[in-house]
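In: What follows is a protein structure lacking sequence information:
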């Protein structure tokens with residue numbers, strides 16, 4: 001309390017709205033641990049960057065507060081990176097005229113400035129900037145935090161985006177988003193910038209298959225301000241402290257997933273046979289935490305061409321679950337229809 005009151009009392013009048021915003025939405029852990037000097041320096045430097053660059057002044061105040069001012073993106077260690085990163089990256093944007101030029105300049109300079117490469121041998125996925133720079137290694141999450149902080153240090157709105165789990169394969173992924181005043185929208189980029197520039201990347205086809213109704217198969221962008229969603233942290237799945245925006249629909253549209261119709265679905269056909277006879281048992285088809293269809297398999301009195309059916313999208317992972325007679329536990333099997341499958345029988 002003493003530190004927070006000190007920060008609120010000492011902040012200059014023209015920066016007070018920023019300090020109010022920062023403290024209003026700080027995670028509880030930060031409210032109990034961060035010092036006034038840390039907050040005052042962070043706010044002062046964020047406003048300084050906003051006033052220094054003409055393209056930074058074009059950013060709406062609400063986006064500046066939510067996506068430039070914050071000192072963290074996810075649950076990473078709270079490093080005091082802003083002055084150091086401004087010193088490292090300001091020279092790369094001093095002569096540029098537009099936000100997009102500034103973004104591309106930072107993207108091109110990031111690897112040389114921080115000397116960090118992607119590696120599965122990093123210490124933990126959610127490394128802070130200096131944790132990654134100390135060992136010169138980071139996961140996709142650590143790289144995204146580095147890139148987002150680099151952007152923010154020179155007044156570029158940025159946030160971490162990602163999915164807890166792909167629908168098309170195992171694993172998760174995180175990347176960065178940046179906001180362009182000339183387009184008034186968010187675009188994505190990565191630590192290793194795609195040769196085709198912003199809103200292009202190797203994962204776009206997988207992102208187009210996101211399931212916006214699923215907690216784990218959606219795509220999220222981090223937020224400082226509280227929202228109706230939270231960013232699922234796969235390394236700390238019970239942690240709900242990071243607000244997020246569900247941006248799945250934009251990636252589905254960007255990757256062309258909204259244009260793929262019935263030709264991209266496959267009929268899943270399920271029946272169960274016990275001692276040579278068809279038997280009715282409870283069954284369901286699930287994707288992540290979303291139940292696609294539930295019911296029972298056909299009994300012996302039904303036509304042999306009748307099945308429990310569900311429409312599944314080709315190339316995506318699903319789980320079939322069922323309960324056998326006399327068993328309390330449900331069994332499960334992962335299924336995936338290939339491009340040439342007209343139907344898939346289980």
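Out: Arrived safely, thanks for sending. Treat the numbers as computed from the prediction; the structure is a model and nothing was measured.
In: From here on, just use CA atoms for contacts and neighbour counts.
Out: Will do.
In: is it true that residue 336 touches residue 315?
Out: Yes: Residue 336 lies in contact with residue 315 (Cα atoms under 8 Å); the separation is 6.1 Å.
In: Roughly how far does residue 46 sit from residue 310?
Out: 52 Å (Cα to Cα, to the nearest Å).
In: what about the two, which has more around it?
Out: Set side by side, residue 46 and residue 310 show more neighbours around residue 46, with 26 against 17, by other Cα atoms under 10 Å.
In: how about that one, phi and psi?
Out: According to degrees, to the nearest 10, the main-chain angles of residue 46 amount to phi -60, psi -40.
In: same thing with residue 343?
Out: Dihedral angles (degrees, to the nearest 10) for residue 343: phi -150, psi 160.
In: show me where pLDDT drops low in the chain?
Out: Where the chain drops to pLDDT under 70, the residues are 260-263.
In: Report the separation between the residue located most distally from the centre of the chain and residue 184.
Out: Centroid-distance maximum for the chain: residue 301 at 48.7 Å, with Cα atoms, centre = their mean. Taken as Cα to Cα, the spacing of residue 301 relative to residue 184 amounts to 61 Å.
In: ditto for residue 157
Out: 11 Å.
In: If you count surrounding residues, which of these two has more?
Out: For the pair residue 157 and residue 184, the greater number of neighbours falls to residue 157 (28 against 10), based on other Cα under 10 Å.
In: list the contacts for the more buried one?
Out: Taking Cα atoms under 8 Å, 6 or more residues apart in numbering as the criterion, residue 157 is in contact with 59, 63-64, 67-68, 151, 178-179.
In: helix/strand/coil for residue 304?
Out: Reducing the assignment at residue 304 to three states with DSSP: H, G, I helix; E, B strand; the rest coil gives coil.
In: what kind of secondary structure is the closest residue to residue 332 other than its chain neighbours in?
Out: If the residues on either side of it in the chain are set aside, residue 332 comes closest to residue 321, at 4.3 Å by Cα to Cα, 6 or more residues apart in numbering. Taking three-state DSSP as the rule, one finds residue 321 in the strand state.
In: Next: the one 4 residues further on.
Out: In the three-state summary, residue 325 is assigned as coil, counting by three-state DSSP.
In: repeat for residue 162
Out: Residue 162 - assigned by three-state DSSP - is strand.
In: can you tell me how far it sits from residue 2?
Out: Noted for residue 162: a distance of 36 Å to residue 2, by Cα to Cα.
In: Between those two, which has more neighbouring residues?
Out: Set residue 162 next to residue 2 and count neighbours by other Cα under 10 Å: residue 162 wins out with 28 against 8.
In: How far does stretch 169-177 sit from its chain's centre?
Out: Centre-to-centre, stretch 169-177 and its host chain are 7 Å apart (Cα atoms, centre = their mean, to the nearest Å).
In: same deal with stretch 107-119?
Out: With Cα atoms, centre = their mean, you get 20 Å for stretch 107-119.
In: list the buried ones in stretch 21-37?
Out: Within stretch 21-37, the residues that qualify as buried by neighbour count (16 or more other Cα atoms under 10 Å) are 21-23, 25-26, 35-36.
In: In a markdown table, list those residues along with distance to residue 135 and secondary structure.
Out: Listed next are those as a markdown table, based on distance: Cα to Cα, whole Å; DSSP: H, G, I helix; E, B strand; the rest coil:
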| residue | distance to residue 135 | secondary structure |
| --- | --- | --- |
| 21 | 34 | helix |
| 22 | 30 | helix |
| 23 | 32 | helix |
| 25 | 31 | coil |
| 26 | 28 | coil |
| 35 | 27 | coil |
| 36 | 29 | helix |
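In: Now tabulate these in a markdown table and tack on distance to residue 86.
Out: Converted to a markdown table, the buried residues of stretch 21-37 look like this (distance: Cα to Cα, whole Å):
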| residue | distance to residue 86 |
| --- | --- |
| 21 | 22 |
| 22 | 20 |
| 23 | 23 |
| 25 | 24 |
| 26 | 23 |
| 35 | 21 |
| 36 | 21 |
